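Chemist: got a predicted structure here, sequence first:
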2 protein chains.
Amino acid sequence: MNFNDYVNEYKSKINSVIKSIFDEKLNSVNDPFLKTYFSEMNDYFLAGGKRIRPLLCIATFNAFTNKNDKNIIIPSVGTEFLHNASLIHDDIIDRDDFRRGKPAFHFRFRNYHEKYDLKKMEATEFGNSIGIIGGDTAFFLGLEAYFSSVFDNDLNLNAIKFYEQAFIEVANGVLIELDMVNRKNISMTDYIEMISLKTGALIEKSILIGANYAKVSEKHKELLSVYGINLGIIFQIIDDILGTFGDEKITGKPTDGDIREAKKTCLLIDALNKLEENDKNHLEQLIENPNMTNDEVQEVKNLFIKADVINSCKNLASSYFQEALDAINKLKTVINIPEAEFFENLLNFVLNRNF
Amino acid sequence: MNFNDYVNEYKSKINSVIKSIFDEKLNSVNDPFLKTYFSEMNDYFLAGGKRIRPLLCIATFNAFTNKNDKNIIIPSVGTEFLHNASLIHDDIIDRDDFRRGKPAFHFRFRNYHEKYDLKKMEATEFGNSIGIIGGDTAFFLGLEAYFSSVFDNDLNLNAIKFYEQAFIEVANGVLIELDMVNRKNISMTDYIEMISLKTGALIEKSILIGANYAKVSEKHKELLSVYGINLGIIFQIIDDILGTFGDEKITGKPTDGDIREAKKTCLLIDALNKLEENDKNHLEQLIENPNMTNDEVQEVKNLFIKADVINSCKNLASSYFQEALDAINKLKTVINIPEAEFFENLLNFVLNRNF
């Protein structure tokens, strides 16, 4: 089965489980504001997203079991809650009012504030406050995926341990990135370490949760970890490239954000490593400016092109691609063929995507 | 044993478990910023706090078991992490830069921002961002209390369910309160419903987690719930009274905050219920003003006194006190004497405290 077959087979089932968790919350509250709150969160979750993390959890489980046990679908959604919870908080941190072309969670409540007669709080403050609690709620609701699972409690508790580890690692990655924005001289090794936490850890743990329920051996879990972390690293490198050189019409994201925020992307680090002294100093000056003009953003892009960063970063991604592929090849003697195909297919999709 | 004996017996042990969770995190990271982050969070947790939630968990366990099993201390700290995580986020929401006389968690990182050469982010934005992730981290670290517990995994998983329910209820209470600030005509019933979630739920669940590990019957758990929720309600009513009429030197909190923010305290609701038309309209006008002068704050206090709100609210608290006491009296045939004393003593302490 290729990646699209998996999406067709499971995506609507995954969305049904997500919806059932919100429906249960909606039915448990009477307060009108709480009803709006859970209903908006349900909309936010179901507004888009490829569900890659639940799909990886399900595929890993299916790879090691002979029957396609539909019981894995319920606990597979845990990490999707964690992912969306992080997005809710990221949007507040990054001051992004839209996500997937729809209003960000906090922005929905900034708008909701209009409805009140009294205006003791400012709309922005109100929206951010509801957004902070909204992310928190989503982190906790993810746990319900494991409470509703019909597997043994020992396995459910192990899954929760992976869930917790995933967040701690993701948070460590986000914190290192926030620290890096304010520091100079970041190496490509620092960058890879940061993205393997920020992006790799949750993909890895989604896989390990599937492996946990299929009772996979430690040896095979190690190979799955290598695949998962590398898949995350490739995803983030390509994300960085598309973030600056992608087609806005296809990605739906403006291509000046990372440059204006001086994000320590692989593009910036590679350019600083390769440019000659004069160009390097000029690039640093441009990046340090807190209020860049459009022309200055374009100058940064020109320096990136001069340093041939796209090719270097694609080569970097290819090295992690090869490592991930080696791990899957080693697993081929023990995993089912359709899922081996899924894993390889997803790897190619993530490396070659243009959105 | 009275409340102080319990504090003397267990507080340092509780703090040791909290510290050991942070020590483990500190030892697991190499990045200097992450080391600072976990070390600041450790300081924040250990800067103060009465540890009422872990103490209640331990006392409940001891009340129903014949040996004082020290194994309960580790899982007792879970709800203390949840409590502190909420405080970290509350301080951002309420824009409070200090907590227990020390810098709030986000404020520590607003100050840390000074150290950077580059200043791509504003200090306030940086502090709030680290604070949002800081609260998230603390919510997740609380789970480690149950992972390290030596009790059966079925009991540990049940404890995590209570942990999750506690947060969902606390969040519902905080959300209802944020909604109420912007609405008129709040009844005392609405208020009691809100504080039983915002403050009662976490106290109740701390007790139920202790009861879970002691394998207490459902019938007795119901009585413990009544005690816990009522204890929380009393705590919050007294908190509201002290928040406006307490001695700032003893409480450490300014007495104008709730009035300026137009918080729907029991004082305000009681005054609006009892004042005559003219005074009531005047109070509403004063409260709706987003920028009150000191004189106007004093006018509000005078109207509160005219309505005799302190006595009414103390009477309100007394009715919940009686209900909680009845629950403990019903439990006296099955619980150990020192813990029955602890429960009664804590109830009196919470009702009669002046800080």
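Modeler: Thanks, I have it. Numbering: from 1, shown residues only, chains lettered A, B, ... in the order given.

Chemist: need the three-state assignment for residue A:303.
Modeler: Classification of residue A:303 using DSSP: H, G, I helix; E, B strand; the rest coil returns helix.

Chemist: just checking, it touches residue A:279?
Modeler: Yes: counting by CB atoms under 8 Å, residue A:279 is a contact partner of residue A:303 at 5.9 Å. Where you see a C-beta, it was placed from the backbone N, CA and C, and this is true even at glycine.

Chemist: compare the two (neighbour count), which wins?
Modeler: Neighbours were counted for residue A:303 and for residue A:279 using other CB atoms under 10 Å in any protein chain shown; residue A:303 has more, 21 against 16.

Chemist: what sits closest to the more buried one if chain neighbours are left out?
Modeler: residue A:283 (4.9 Å; CB to CB, 6 or more residues apart in numbering or on different chains).

Chemist: name the element that neighbour belongs to?
Modeler: Taking DSSP states H and E as the criterion, residue A:283 maps to helix A:277-288.

Chemist: for that helix, packing partners?
Modeler: If you count contacts as 3 or more CB pairs under 8 Å, 6 or more residues apart in numbering or on different chains; DSSP states H and E, helix A:277-288 packs onto helix A:266-274, helix A:294-306.

Chemist: what comes up buried for that helix?
Modeler: Buried residues in helix A:277-288, defined by neighbour count with 16 or more other CB atoms under 10 Å in any protein chain shown: A:279-280, A:283, A:286-287.

Chemist: chain B: which of the residues you listed is nearest?
Modeler: Nearest to chain B among those is residue A:287, at 8.3 Å by CB to the nearest CB.

Chemist: got a pLDDT number for that closest one?
Modeler: Predicted confidence (pLDDT) for residue A:287: 93.

Chemist: could you list the buried residues of the helix-or-strand element of chain A with minimal mean pLDDT?
Modeler: Within chain A, no helix or strand scores below helix A:248-251, which has a mean of 83 by mean pLDDT, DSSP states H and E. Of the residues in helix A:248-251, residue A:251 count as buried by neighbour count, 16+ other CB under 10 Å.

Chemist: quick check: next helix or strand after that helix?
Modeler: Next in line after helix A:248-251, if elements are assigned by DSSP H and E, sits helix A:257-260.

Chemist: show me the helices in the stretch 51-200 of chain A, by range?
Modeler: Here the stretch 51-200 of chain A has its helices, by DSSP state H, counting those that start in this stretch, at A:52-64, A:73-76, A:78-93, A:105-112, A:123-147, A:153-181, A:188-195.

Chemist: for chain A, what are the low-confidence residue spans?
Modeler: Counting by pLDDT under 70, chain A has low-confidence residues at A:68.

Chemist: next, count neighbours for the residue lying closest to residue A:85 once chain neighbours are set aside.
Modeler: Distances taken as CB to CB, 6+ apart place residue A:138 nearest to residue A:85, at 3.5 Å, with adjacent residues excluded. Neighbours of residue A:138 under the rule other CB under 10 Å: 23.

Chemist: what does residue A:81 give?
Modeler: By other CB under 10 Å, the residues close to residue A:81 number 24.

Chemist: OK, contacts around it?
Modeler: Counting by CB atoms under 8 Å, 6 or more residues apart in numbering or on different chains, residue A:81 touches A:18, A:21, A:45, A:138-139, A:141-142, A:145.

Chemist: please report the distance of the closest residue to it other than its chain neighbours from residue B:339.
Modeler: Spatially, and ignoring its direct neighbours in sequence, residue A:81 is nearest to residue A:142 (3.1 Å; CB to CB, 6+ apart). Using CB to CB, to the nearest Å, residue A:142 is found at 35 Å from residue B:339.

Chemist: just residue A:160 next, same as before
Modeler: From residue A:160 over to residue B:339 (counting by CB to CB), the distance is 30 Å.

Chemist: okay, these two: which has more neighbours?
Modeler: Shown here are residue A:160 and residue B:339; by other CB under 10 Å, residue A:160 has more neighbours (25 against 22).

Chemist: so who does the closest residue to that one other than its chain neighbours touch?
Modeler: Sequence neighbours aside, residue A:146 is the residue nearest to residue A:160 in space, at 5.3 Å (criterion: CB to CB, 6+ apart). Listed by CB under 8 Å, 6+ apart, the contact set of residue A:146 reads A:75, A:78, A:156, A:159-160, A:163.

Chemist: need phi/psi at residue A:336.
Modeler: Residue A:336 adopts backbone torsions of phi -70, psi 150, taken as degrees, to the nearest 10.

Chemist: now do the contacts for it.
Modeler: A:62-64, A:66.

Chemist: ditto for residue A:275
Modeler: Contacts of residue A:275 (CB under 8 Å, 6+ apart): A:283, A:303, A:306-307.

Chemist: among the residues you listed, which pair sits farthest apart?
Modeler: Using CB to CB, the two most remote members of the contacts of residue A:275 are A:283 and A:306, lying 9.6 Å apart.

Chemist: what's whichever strand or helix holds residue A:316 packed up against?
Modeler: Counting by DSSP H and E, the element that carries residue A:316 is helix A:309-331. Judged by 3+ CB pairs under 8 Å, 6+ apart, helix A:309-331 is in contact with helix A:218-245, helix A:266-274, helix A:337-352.

Chemist: next, the buried residues of that helix.
Modeler: Of the residues in helix A:309-331, A:309, A:312-314, A:316-317, A:320-321, A:324-325, A:327-328, A:330-331 count as buried by neighbour count, 16+ other CB under 10 Å.

Chemist: and which of those residues is nearest chain B?
Modeler: residue A:309 (20.1 Å).

Chemist: so residue A:197 sits against residue A:169, correct?
Modeler: Yes: because the distance of 4.8 Å satisfies CB under 8 Å, residue A:197 is recorded as touching residue A:169.

Chemist: of those two, who's got more company?
Modeler: Between residue A:197 and residue A:169, counted using other CB under 10 Å, residue A:197 has the larger neighbour count: 24 against 19.

Chemist: who's in contact with that one?
Modeler: Listed by CB under 8 Å, 6+ apart, the contact partners of residue A:197 are A:169-170, A:172-173, A:176.

Chemist: and chain B, which of the residues you listed contact it?
Modeler: Counting by CB under 8 Å from any CB of the partner chain, A:172, A:176 from those sit close to chain B.

Chemist: who wins on neighbours among the contacts of residue A:197?
Modeler: residue A:172 (25 neighbours).

Chemist: neighbours of the spatially closest residue to residue A:150 that is not a sequence neighbour, just the number please.
Modeler: Once flanking residues are discounted, residue A:150 sits nearest to residue A:71: 5.2 Å by CB to CB, 6+ apart. Residue neighbour count, defined by other CB under 10 Å, stands at 12 for residue A:71.

Chemist: please apply the same query to residue A:300.
Modeler: Neighbours around residue A:300, by other CB under 10 Å: 23.

Chemist: roughly how far apart are it and residue A:286?
Modeler: Residue A:300 sits 5 Å away from residue A:286, going by CB to CB.

Chemist: now list whatever residues contact both of these two.
Modeler: With CB under 8 Å, 6+ apart, residue A:300 and residue A:286 have common neighbours residue A:292.

Chemist: now the closest residue to residue A:252 other than its chain neighbours: phi and psi?
Modeler: With CB to CB, 6+ apart as the criterion, residue A:252 has its nearest non-adjacent residue at 5.7 Å, and that residue is residue A:101. Dihedral pair for residue A:101: phi 70, psi 0, per degrees, to the nearest 10.
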